[in-house]
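Undergrad: my questions concern the predicted model and sequence given below.
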Amino acid sequence: MIKLNKLTAGYTPGIDILKEISLHVRKAEIVTLLGPNGCGKSTLLKCIAGYLTPNSGQIEIQNNEVGTIPIHRKVRDCGLGFVPQTDNVFTQLSIKENLLAGGQFLTRLDCRQRIDELCERYPILRKKWLNSASSLSGGERQILALTRALMARPSVLLLDEPSAGLSPKMLTDVFEAILNIRKQEEVTILMVEQNAIEALHISDRAYVLAMGKVALCGNAKELLNDPRMRELYLGGRAA
Ligand SMILES: Nc1ncnc2c1ncn2[C@@H]1O[C@H](COP(=O)(O)OP(=O)(O)OP(=O)(O)O)[C@@H](O)[C@H]1O
């Protein structure tokens, strides 16, 4: 579903942030990208999403090479949904307007049906329907961001730190929503997370990046108990 082959990318000519990264995410898997600050996790998502063109290597979504396709076409034509870490909702717009923006490539009827379907799942959206998104709590805003991305029925969802800034209770709610999205939509999910232990508990597999390279990868439950994981990333903490 997502396949990267020796992906190399950076922001400045001659300086590679990502160095020959190869990874894959199978259909309906949840895979988490972990690693210390600045190792390139968000850069990797930006490359897959189409904000950054790779210097070399291949990016496949649903077996199609998409390395040079810009984000709006990936969303419209390639089944991509992307929830960035910041600015992931239009705070000046209402909940209704945010969802309509997410459904811009749908027909009017399909858009209305999709909104009904998602509001049934997340009643808070209907409850605050005409309120501005800026009035939502952090957790509610994250649910809106996820829902807006789901409007286009993506087959692949990229999530950049969905738990950033959330309280433990909200983190649990958002991670539960992510698990439900996988179940209900059969969507393939690649997410970047700093809350490693909690993220590993809801993931199938994980990759740990260090200095722009894959340092470790494997089954999420096994990684939780892998001493190399503790050494590399958890600062010696037990999982
Ligand atoms: N727009 C940009 N222009 C130039 N350099 C950038 C840009 N965005 C990120 N970088 C640099 O790329 C490197 C990787 O950053 P990135 O945000 O991908 O790391 P990260 O692993 O997601 O970090 P964090 O966990 O702190 O969010 C860092 O050295 C960062 O300073």
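TA: Arrived safely, thanks for sending. Numbering: from 1, shown residues only.
Undergrad: would you mind giving both backbone torsions of residue 12?
TA: phi -120, psi 140 (degrees, to the nearest 10).
Undergrad: and it, what are its bridge partners?
TA: residue 15 (DSSP bridges).
Undergrad: can you get me a residue count around it?
TA: Number of residues near residue 12 (other CB atoms under 10 Å) recorded here: 7. C-beta: built from backbone N, CA, C; applies to glycine.
Undergrad: so for it, what's the pLDDT?
TA: pLDDT recorded at residue 12 is 93.
Undergrad: show me where this structure has strands.
TA: Remark: strands assigned in the chain by DSSP state E are 2-9, 18-25, 30-34, 56-61, 64-65, 80-83, 156-160, 188-192, 205-210, 213-219.
Undergrad: where among those is the average confidence lowest?
TA: strand 64-65 has the lowest average pLDDT among the strands of the chain, namely a mean of 88.
Undergrad: excluding sequence neighbours, find me the nearest residue to the residue positioned nearest the centre of the chain.
TA: Note on the chain: the residue nearest the mean C-alpha position is residue 159, at 1.4 Å, using CA atoms, centre = their mean. Leaving out its chain neighbours, the residue that sits closest to residue 159 by CB to CB, 6 or more residues apart in numbering is residue 191, at 3.8 Å.
Undergrad: could you give the number of residues near that neighbour?
TA: With other CB under 10 Å as criterion, residue 191 counts 26.
Undergrad: residues in contact with it?
TA: Residue 191 makes contact with 30, 31, 32, 33, 158, 159, 160, 161, 162, 178, 199, 203, according to CB atoms under 8 Å, 6 or more residues apart in numbering.
Undergrad: now it: how far from the ligand?
TA: Distance of residue 191 to the ligand, given as CB to the nearest ligand atom, to the nearest Å: 12 Å.
Undergrad: any chance of the contacts of residue 191 in a markdown table, plus distance to the ligand?
TA: Formatted as a markdown table, these follow (distance: CB to the nearest ligand atom, whole Å):
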| residue | distance to the ligand |
| --- | --- |
| 30 | 18 |
| 31 | 16 |
| 32 | 13 |
| 33 | 8 |
| 158 | 12 |
| 159 | 13 |
| 160 | 8 |
| 161 | 7 |
| 162 | 13 |
| 178 | 19 |
| 199 | 13 |
| 203 | 17 |
